[in-house]
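Enquirer: mind folding the following:
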Amino acid sequence: MPISEKAQRAWKAGTAVLTAFTSFYCLFYIDYGPQEHVFSDLQRWYRNKMDNMLGIDLNKAKQIASQQQEGIARRTGGDDQEGDGRR
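Expert: Numbering: from 1, shown residues only. Predicted structure coming up:
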């Protein structure tokens, strides 16, 4: 039984949207490993644009993370001893 023209149009539109989303995700979000690959430049460009749009400053975030690590080290005394003398 053939499907109606309206159903065919809906199927084609759904397929186009799903294909576009999959392509976008594969291009910009999938991690292909630490080595350079064909999408590296595009992924860097996209991530920089997103960071700028969201107001994220990577240098500031790294600075905050290091300050938090230093604070944790100071509070714990820099070692992993528990109160009972075990390490």
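
Enquirer: low-confidence stretches in this structure?
Expert: Residues of the chain that meet the criterion pLDDT under 70 lie in 1, 78-87.

Enquirer: kindly recompute the last result at 90.
Expert: Low-confidence segments of the chain (pLDDT under 90): 1-3, 51, 55-87.

Enquirer: how about the contacts made by the most centrally placed residue in the chain?
Expert: With distances taken as Cα atoms, centre = their mean, residue 29 lies nearest the centre of the chain, 6.4 Å away. Applying Cβ atoms under 8 Å, 6 or more residues apart in numbering to residue 29 gives no contacts. From N, CA and C alone the C-beta is placed, and that goes for glycine too.

Enquirer: residue 69 versus that one, what's the distance?
Expert: 28 Å (Cβ to Cβ, to the nearest Å).

Enquirer: same check, this time on residue 76
Expert: Note on residue 76: its distance to residue 69, by Cβ to Cβ, is 11 Å.

Enquirer: so residue 73: helix, strand or coil?
Expert: Classification of residue 73 using DSSP: H, G, I helix; E, B strand; the rest coil returns helix.

Enquirer: number of nearby residues for it?
Expert: A total of 11 residues lie near residue 73 under the criterion other Cβ atoms under 10 Å.

Enquirer: would you mind listing the buried residues in the host helix or strand of residue 41?
Expert: Element membership of residue 41, judged by DSSP states H and E, is helix 40-54. The neighbour-count check on helix 40-54 (16 or more other Cβ atoms under 10 Å) flags residue 43 as buried.

Enquirer: restricting to C-alpha, output it in PDB.
Expert: The C-alpha coordinates for helix 40-54 follow below in PDB (Å, rounded to 0.1, in the frame of the first residue of the first chain):
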ATOM      1  CA  SER A  40      40.000  20.000  13.900                       C
ATOM      2  CA  ASP A  41      40.000  23.500  12.500                       C
ATOM      3  CA  LEU A  42      36.200  23.600  12.300                       C
ATOM      4  CA  GLN A  43      35.800  22.300  15.800                       C
ATOM      5  CA  ARG A  44      38.200  24.800  17.200                       C
ATOM      6  CA  TRP A  45      36.500  27.600  15.300                       C
ATOM      7  CA  TYR A  46      33.000  26.500  16.500                       C
ATOM      8  CA  ARG A  47      34.100  26.100  20.100                       C
ATOM      9  CA  ASN A  48      35.700  29.500  20.100                       C
ATOM     10  CA  LYS A  49      32.600  31.100  18.700                       C
ATOM     11  CA  MET A  50      30.400  29.300  21.300                       C
ATOM     12  CA  ASP A  51      32.700  30.400  24.100                       C
ATOM     13  CA  ASN A  52      32.600  34.000  22.900                       C
ATOM     14  CA  MET A  53      28.900  33.900  22.600                       C
ATOM     15  CA  LEU A  54      28.400  32.500  26.100                       C
END
